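S.K.: Structure of the sequence below:
(4 chains)
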2 protein chains.
Amino acid sequence: MENLPIDPAAGGEERAPIAEPTLRRLPVYHNYLKNLDSSKTHAISCTQIAQDLHLTPIQVRKDLACTGIVGKPKTGYDTQALRLAIEDFLGWNNPNDALLFGAGHLGLALLSYDGFASYGLDIVAAVDADPAKQGAGPRDKKILPLEKAAGLIRRMHIKIAIIAVPEAAAQSIADLCVSCGIKAIWNFAPAKITVPADVTVQHENLASSLAVLSKKLSLRGE
Amino acid sequence: MENLPIDPAAGGEERAPIAEPTLRRLPVYHNYLKNLDSSKTHAISCTQIAQDLHLTPIQVRKDLACTGIVGKPKTGYDTQALRLAIEDFLGWNNPNDALLFGAGHLGLALLSYDGFASYGLDIVAAVDADPAKQGAGPRDKKILPLEKAAGLIRRMHIKIAIIAVPEAAAQSIADLCVSCGIKAIWNFAPAKITVPADVTVQHENLASSLAVLSKKLSLRGE
DNA sequence: TAGATTGTTAATCGATTAACAATC
DNA sequence: TAGATTGTTAATCGATTAACAATC
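M.R.: The predicted model follows:
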């Protein structure tokens, strides 16, 4: 294979586009490895991973191949090396700064979560239009007035915005972000937002997940 | 086609399994219809929907066919009927009771959100192990001691649990749920949970979404 | 009627799974 | 060595897209 060299500067040639389902599974493997007792388990096989995560060994093998890791027949992969390969591939050791819009319950939940750092995301601050919410937030993160957003994004060259504002405000916040140079939006508002083609939007759609869950539940009940 | 009759009692025969991507798009169509000015738009075509949602007309047509809706050539679908057909198909007019575990920021965010009702989900209450969090929550929802969970689930025949507790507590909460007869778990904890085969788990995996977002961002930047 | 749109069958595309040689 | 596991090419499966007749 040998696609996706670890050094991003290396590849001038066409790079194999990674399948999104694979991409979504990589953090799952990473979390699995993190929870292994590393003092005991120095190597792990696809067979073992697949069994524990309820996947097939072939799928695991193919997914991991994307990261460039090379395993040893009969023993499997070095757990430490595999973990690092996933982190490398996902860019988790080059953290991205992000600005959070909205300090309601959801915004505070995101701001409180200290796990994002290990996923290569650093929420530098939050902004909120409500003066009552402004001030010190969880984990020593500041909650600033909305007016500070544009300057902050420009000054820190922030590329990622997280939108956790009410549905009605989502589009205008997105517009603001785009005008300041934001290139990726993680949207938690239950609203479709429209952005130019060069901006990526990842929509966290609870209604979709709920539809899957409740349909499965109703199908099971027969 | 004529699969998936609206009356769930009708089908003894094999029922066409709905594709998950389709299932996830149905709420998107629904939200789109909701935001239409219904006084003006009595009928809507696939072409129009596809254009506004950045999909293809063929895909929209196929997705909507699952709901059993029948359109009229040249005009499209009756907007009202289409909306109801989606709600019917997704079971949104037979709401399911759910119990929320965890009243941290995320739990409160879920409890505060008044949109779930229209998605067929009724969070009857929350439970939390921390006495300081117990009492009245948002929207007049009670936050009860953890010990009340089992009785509540059994008494109300609750089938859905929402887990919004810290990673370390997730599995033991899941075990509790299973032992009380919960059949579907919506898991917001960043933890893999293991349940018997007859229980459905929908895992809301932020790390996966973030991986997709940051990979797209880094690929764009070349 | 003409033209746009639906409903449905066939073709394509991409992800998953199977098969198997290479390797430790 | 024998046996388990990797890496990779081929086959399968399922979702998307294309094609087109039916319909208003």
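S.K.: Close to DNA strand C: what parts of chain A are there?
M.R.: Proximity of chain A to DNA strand C is confined to A:19-22, A:55-56, A:58-59, A:62, A:72-75 under the rule CB under 7 Å from any atom of the strand. C-beta coordinates here come from the backbone N, C-alpha and C atoms, glycine included.
S.K.: ok, which of those residues also contact chain B?
M.R.: The subset of the residues of chain A next to DNA strand C within reach of chain B, counting by CB under 8 Å from any CB of the partner chain, consists of A:E20.
S.K.: out of the residues of chain A next to DNA strand C, which one sits closest to DNA strand D?
M.R.: Checking those against DNA strand D by CB to the nearest atom of the strand gives A:P73 as the nearest, at 3.2 Å.
S.K.: Relative to A:L82, how far out is that closest one?
M.R.: The gap separating A:P73 from A:L82 is 15 Å, by CB to CB, to the nearest Å.
S.K.: Comparing these two, which shows the higher neighbour count?
M.R.: A:L82 (21 against 6; other CB atoms under 10 Å in any protein chain shown).
S.K.: Leaving out the residues flanking it, which one is nearest to the more buried one?
M.R.: Spatially, and ignoring its direct neighbours in sequence, A:L82 is nearest to A:I69 (5.4 Å; CB to CB, 6 or more residues apart in numbering or on different chains).
S.K.: Where do the domain boundaries of chain A fall?
M.R.: Per the record, chain A has its domains at A:20-90, A:96-208, by automatic domain parsing.
S.K.: quick one: the first one near DNA strand D?
M.R.: If I follow you right, that is domain A:20-90. Yes - Domain A:20-90 comes into contact with DNA strand D (CB under 7 Å from any atom of the strand), by way of A:45-48, A:57-58, A:61-62, A:64-65, A:69-77.
S.K.: Pull out the buried members of those residues.
M.R.: The neighbour-count test (16 or more other CB atoms under 10 Å in any protein chain shown) marks A:45-46, A:48, A:61, A:64-65, A:69, A:71, A:76-77 as buried among the residues of domain A:20-90 next to DNA strand D.
S.K.: Chain A: helices as residue ranges?
M.R.: If DSSP state H is used as the criterion, the helices of chain A fall at A:20-34, A:46-53, A:57-65, A:79-90, A:105-112, A:148-156, A:167-180, A:206-220.
S.K.: so A:D52 touches A:Y29, yeah?
M.R.: No - A:D52 sits out of contact with A:Y29 when judged by CB atoms under 8 Å, with a separation of 10.4 Å.
S.K.: Of the two, which one has the most company?
M.R.: A:Y29 (20 against 14).
S.K.: if I pick A:D128, what's in contact with it?
M.R.: Contacts here follow CB atoms under 8 Å, 6 or more residues apart in numbering or on different chains; on that basis A:D128 touches A:101-104, A:107, A:134, A:143-146.
S.K.: Now render the residues you listed as CSV, adding pLDDT.
M.R.: Converted to CSV, the contacts of A:D128 look like this (pLDDT from 0 to 100):
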residue, pLDDT
A:F101, 98
A:G102, 98
A:A103, 97
A:G104, 95
A:G107, 97
A:Q134, 97
A:I143, 98
A:L144, 98
A:P145, 98
A:L146, 98
